[in-house]
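> what would the 3D arrangement of this be:
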Amino acid sequence: MVMDIQRGVILGPSILGRSANFSATIFPLRSIMVLETLANVGLLFFLFLVGVEMDLGMIRKTSQKAIVIAIACMSLPFLIGSSTTFLFNGETQVNHLSFVVFMGVSLSVIAFSVLAQILAELKLLNTEIGKIAMSAAMINDICAWILLALVVALVESNSSTTLAPFYVIFSSIGFVLMLIFVVRPGIEWFIHRIPNGGSFSDYHICLILTGVFVCGFITDAIGTHSIFGAFVFGIIIPKGPLATTLLEKLEDFMTTLLLPLYFSISELRTDISSVNGKGDYGFFIAIIVLACVGKVAGTLLIALYYKMPFREAFVLALLMNTKSLTEMVVLNMGLSIHPLTAISPYSTMHEDICHLAEDERVTFIILPFHKQQAVDGDMEATNPVLRNINQNVLVNPPTHSD
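You can find the predicted model right below:
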């Protein structure tokens, strides 16, 4: 993973990508789109496998200690991360509440799948520390994804329809209920039709993989994000032979081919040179250090409160500080709905247009007309959303608009 990130940084705008000729030759727009598509497919299946690995039955058996530790190791870093957003006040044109939640979640989330691998390699998976760490990490991850889903719904509240966030929230709840009460029983039905000792055919595996794409498409159409659908679909997969088969067939392919693409594509968007001065570097390092210390301190204090030996409590605190792809996914999600990027929702697109015009000092802006000529010669509105965008741009135009 570290090598993939380093490769992306070197090839990206931070170093070699600063040359326009290099970027145009090595990474033309056409190839970038293909790589991003493959990377997003890998991300979709990675989150699906994370859901498959999660056993919600473990939460029912979880002790109060693990629940309190999960809350503590998430709360302190979340508060530290979210409180630093006020230092950016006035420098970003974003929905501040969504910015607060994204910063908090990105610094407090735990890499559940990586933690499971670490515990397995250290032979701690079946120890008390391992069980507490796994349960707390699972609770932490589920809470983080719920928060992110709410943030996406919150961003939709800026749209012209005030009911948009409620539509997203209730549609997402309906989608989850459908998976639990319709899809999961259907999967259990065909599992029970497999004879004892029999294996799952390629047809069954392809059916599940198709379900990943369908669930991703549904949640994307609802207005949350495709990875939420894949993640929840993975959670409802019954634990047993089917889950084991899916992990065996997909995990190596995802981790060796598609996920490295996602790391590299993510770092191709990163421009370290955009951080100005030693003060900014020190500021960002301080945020990361404080978040890590907060997570360790919160876990350590709660573990000591429950009379755990200091050595075991400290090991548990370090385990709860595991980082991996999950944080990068959260940050990329933030970029995907960030009003200062080139791709933005209709509700904030006028802000993109105005700020981009000011930054680039363009002489005029050409806006798409929301009406087109019909067959009978009359003008009809083909995309009413464009009318709202045009009106918002014309309220305070940075320059002359046509």
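> need phi/psi at the closest residue to F314 other than its chain neighbours.
Once flanking residues are discounted, F314 sits nearest to L300: 6.2 Å by Cβ to Cβ, 6 or more residues apart in numbering. Every C-beta, even on glycine, is put in place using the N, C-alpha and C of the backbone. In terms of degrees, to the nearest 10, the main-chain angles of L300 are phi -60, psi -40.
> can you show me the helices along the stretch 301-402 of the chain?
Using DSSP state H, counting those that start in this stretch, the helices of the stretch 301-402 of the chain run over 310-319, 325-336, 349-360, 384-395.
> how about the ones you listed, which one is nearest R30?
Taking Cβ to Cβ, helix 325-336 is the member of the helices of the stretch 301-402 of the chain nearest to R30, at 20.7 Å.
> summarise which helices and strands that closest one is packed against.
When contacts are defined as 3 or more Cβ pairs under 8 Å, 6 or more residues apart in numbering; DSSP states H and E, helix 325-336 sits against helix 29-53, helix 96-108, helix 128-156, helix 259-268.
> before we move on, the earlier item: number of residues surrounding the residue nearest to F314?
Neighbourhood size, L300 [other Cβ atoms under 10 Å]: 22.
> quick check: it vs G294, distance?
From L300 over to G294 the distance is 11 Å, taken as Cβ to Cβ, to the nearest Å.
> one more: R184?
As judged by Cβ to Cβ, R184 and G294 stand 37 Å apart.
> of these two, who's got more company?
G294 (23 against 16).
> checking the closest residue to that one other than its chain neighbours next. Helix, strand or coil?
Distances taken as Cβ to Cβ, 6+ apart place L76 nearest to G294, at 3.7 Å, with adjacent residues excluded. When classified by DSSP: H, G, I helix; E, B strand; the rest coil, L76 comes out as helix.
> L76 contacts V296, doesn't it?
No - counting by Cβ atoms under 8 Å, L76 does not reach V296; the two are 9.2 Å apart.
> for burial, what's the neighbour tally of P309?
10.
> then the one 10 residues further on?
Each residue near L319 was counted by other Cβ under 10 Å, and the total is 23.
> the helices of the stretch 301-402 of the chain into CSV, with extra columns for distance to F190 and mean pLDDT?
Putting the helices of the stretch 301-402 of the chain into CSV (distance: least, Cβ to Cβ, whole Å; pLDDT from 0 to 100) gives the following:
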stretch, distance to F190, mean pLDDT
helix 310-319, 37, 90
helix 325-336, 31, 71
helix 349-360, 44, 72
helix 384-395, 42, 77
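> please name whichever of these is nearest to A230.
helix 325-336 (11.4 Å).
> who touches that closest one?
Helix 325-336 is contacted from outside by 1, 43, 46-47, 99, 102, 105-107, 109-112, 114, 141, 144, 148, 152, 225, 227, 259, 262-263, 266, 269, 341, 343, using Cβ atoms under 8 Å, 6 or more residues apart in numbering.
> on that earlier part again, adding distance to L316 and mean pLDDT, write the helices and strands packed on helix 325-336 out as a markdown table.
Output for the helices and strands packed on helix 325-336, formatted as a markdown table (distance: least, Cβ to Cβ, whole Å; pLDDT from 0 to 100):
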| stretch | distance to L316 | mean pLDDT |
| --- | --- | --- |
| helix 29-53 | 20 | 84 |
| helix 96-108 | 16 | 75 |
| helix 128-156 | 5 | 79 |
| helix 259-268 | 27 | 77 |
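> now render those as CSV, adding distance to S23 and mean neighbour count.
As requested, the helices and strands packed on helix 325-336 are arranged in CSV below (distance: least, Cβ to Cβ, whole Å; neighbours: other Cβ atoms under 10 Å):
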stretch, distance to S23, mean neighbour count
helix 29-53, 9, 18
helix 96-108, 27, 22
helix 128-156, 30, 22
helix 259-268, 9, 21
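> in a markdown table: those, plus distance to H204.
Below are these laid out as a markdown table (distance: least, Cβ to Cβ, whole Å):
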| stretch | distance to H204 |
| --- | --- |
| helix 29-53 | 14 |
| helix 96-108 | 35 |
| helix 128-156 | 26 |
| helix 259-268 | 24 |
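> out of these, nearest to V176?
For V176, the closest of the helices and strands packed on helix 325-336 is helix 128-156, at 9.8 Å, according to Cβ to Cβ.
> next secondary structure element downstream of the closest one?
helix 164-178 (DSSP states H and E).
> and the angle from that next one to helix 128-156?
Helix 164-178 and helix 128-156 meet at an angle of 140 degrees, taking axes from the mean of the first three to the mean of the last three Cα atoms, to 10 degrees as the criterion.
> show me how far whichever helix or strand comes after helix 164-178 is from its chain's centre.
Per DSSP H and E, helix 164-178 leads on to helix 184-192 as the next helix or strand towards the C-terminus. Relative to the centre of its chain, helix 184-192 is centred 29 Å away, using Cα atoms, centre = their mean, to the nearest Å.
> I'd like the average pLDDT over helix 184-192.
Averaged across helix 184-192, pLDDT comes to 90.
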